[in-house]
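Participant: The amino acid sequence is not available; the structure is as follows:
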């Protein structure tokens, strides 16, 4: 996340928001954020959201995620929102959504669902 | 891809291989490649694989992809292989797999399926 | 759907609800609805939701869907809700959710995302 | 499965084949097998494949699956093949593929990836 220049913009029980400001090196040929950047912050937002509901001495790992890319990811920054749909002792399911922000304009860039597993720290 | 330091290691009709050498800034807390890096090169390999079967005056866009993370992504480099399962005039489906390479050792890091759409260049 | 005994319980622009009453032959060893039944009505609800926004002389086909099974599918009936997230001339994306109903109790059984394609009728 | 008329056509360590003969009530408007039937036997084949590698006193549950529908599901019967990609003590990942068979013709109807969880029998 540091490599991308992303930062946590909001955090609460079961929900985390991550923002990624526009940087030329994150864009592809048409001036859009690359799909990999969108996926990276979506995955991170969902994983952090899950970790807010897990014990302190545990790690969260992504088992899998699916992401539909809905609109071009262009603008001043990307905002990824992870929200736990189903918490669990072993598995947690998060919804992940990404928006692009340009001034007042907010466009839905991606949506998906992620499966997380909680791993006790000492076995991670 | 340039930002990540990835390079195309192989290309043929309907199949593309991308390699991403280890770099400390791409890793997370445990010294593994970050899930975002894995997703980025998987998405790119599948998209490039699809584009090898599309007309010259067209662009490829990812509609969606799903990725299961099978093993920790650690090693000297990551190798993503995209392979077209079903080409089509409008939609193309690729299988995407990522391997981690450490000397002679090759570990299956991620597998998934991706849906691509072919967009005529002048409307992209 | 007729084979399963499912019926449309609600329909509006971009959203469709399907109900599937409990029947012993749809259940698996533990008295739960089988995962196949859950997937079938989720797929149908998302597809019908998409078709409400498509031209009359067209068909809708499912390109792909992903479904996370959140809780056991047991109760008096299953209710699947399809809701279009992103309509499009060629591709439409629907969110699909399934609930189990037992008297007043409503449990979230499954959630997922579906990609649909609109096919002009004469080429279907 | 019995309700659909499906049967196990092959079983080995980590791989299971299920066949579903054509029946008029499983088809949709165009004479194709319904997507729900395809999903049901794909999910079952992957789950059974996973269960061949799990302890006797355990149950298998589907956590999630993703399915891309590649070609119309028409013919004499459908054949679903589940194959374990990554076995695990808690989670197992299966690849799931469905083929339609018409005389000598074999068409790839669907492909996807499934996440399974192994549940000790006494807590199921």
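Facilitator: Here it is on my side, so go on. For clarity, every value in this text was computed on a predicted model and none was experimentally measured. Residues are numbered from 1 along each chain as shown, chains lettered A, B, ... in the order given.

Participant: What residues does chain A have near chain D?
Facilitator: A:63, A:64, A:66, A:90, A:91, A:113, A:115, A:117 (Cβ under 8 Å from any Cβ of the partner chain). Backbone N, C-alpha and C define where each C-beta goes, glycine included.

Participant: Now intersect those residues with the strands, please.
Facilitator: A:63, A:64, A:66, A:91, A:113, A:115, A:117 (DSSP state E).

Participant: Who are the contact partners of the third one?
Facilitator: This means residue A:66. A:112, A:113, A:114, B:64, B:65, B:66, B:67, C:66, C:113, D:66 (Cβ atoms under 8 Å, 6 or more residues apart in numbering or on different chains).

Participant: what residue lies at the spatial centre of chain A?
Facilitator: Among the residues of chain A, the one closest to the centroid is residue A:42, at 2.4 Å (Cα atoms, centre = their mean).

Participant: How about that residue: what's its closest non-neighbour residue?
Facilitator: Ranked by Cβ to Cβ, 6 or more residues apart in numbering or on different chains and with sequence neighbours excluded, the top spatial neighbour of residue A:42 is residue A:96, at 4.3 Å.

Participant: Ok, residue A:111 next?
Facilitator: Spatial nearest neighbour of residue A:111, excluding adjacent residues (Cβ to Cβ, 6+ apart): residue A:97 at 5.1 Å.

Participant: Then residue A:45?
Facilitator: Per Cβ to Cβ, 6+ apart, closest to residue A:45 is residue A:82, 3.5 Å.

Participant: partners of the one you found in the sheet?
Facilitator: residue A:16, residue A:96 (DSSP bridges).

Participant: burial count for it?
Facilitator: 29 (other Cβ atoms under 10 Å in any protein chain shown).

Participant: Would you agree it is in contact with residue A:48?
Facilitator: Yes. Assessed by Cβ atoms under 8 Å, residue A:82 is found in contact with residue A:48 at 6.2 Å.

Participant: quick one: common contacting residues for those two?
Facilitator: Contacts common to residue A:82 and residue A:48, judged by Cβ under 8 Å, 6+ apart, are A:16, A:18.

Participant: list the buried ones in stretch A:51-58?
Facilitator: A:51, A:52, A:53, A:54 (16 or more other Cβ atoms under 10 Å in any protein chain shown).

Participant: For the third one, give me its contacts.
Facilitator: So that's residue A:53. So residue A:53 contacts A:13, A:14, A:84, A:87, A:92 (Cβ under 8 Å, 6+ apart).

Participant: And the second one, how far from residue C:11?
Facilitator: By that I understand residue A:14. Distance of residue A:14 to residue C:11, computed by Cβ to Cβ, to the nearest Å: 32 Å.

Participant: Kindly report the same for the first one.
Facilitator: From residue A:13 over to residue C:11 the distance is 36 Å, taken as Cβ to Cβ.

Participant: Look at these two and report which has more neighbours.
Facilitator: residue C:11 (15 against 10).

Participant: Can you name the helix or strand that the more buried one falls in?
Facilitator: Secondary-structure assignment from DSSP states H and E places residue C:11 in strand C:7-12.

Participant: and that strand, what does it pack onto?
Facilitator: Using 3 or more Cβ pairs under 8 Å, 6 or more residues apart in numbering or on different chains; DSSP states H and E as the contact test, the elements touching strand C:7-12 are strand C:15-21.

Participant: thinking the residue nearest to residue A:42 is in contact with residue A:113, fair?
Facilitator: Yes. Judged on Cβ under 8 Å, residue A:96 makes contact with residue A:113 at a distance of 7.1 Å.

Participant: So which bits of chain A are right by chain C?
Facilitator: Looking at chain C, the residues of chain A close enough under Cβ under 8 Å from any Cβ are A:66, A:68, A:70-71, A:85-86, A:93, A:95, A:108, A:111-113, A:115.

Participant: make it 6 Å
Facilitator: By Cβ under 6 Å from any Cβ of the partner chain, the residues of chain A that approach chain C are A:66, A:68, A:70, A:85, A:86, A:93, A:111, A:113.

Participant: that older thread, between the buried residues of stretch A:51-58, which is closest to chain B?
Facilitator: Using Cβ to the nearest Cβ, residue A:51 comes nearest to chain B of these, at 12.0 Å.
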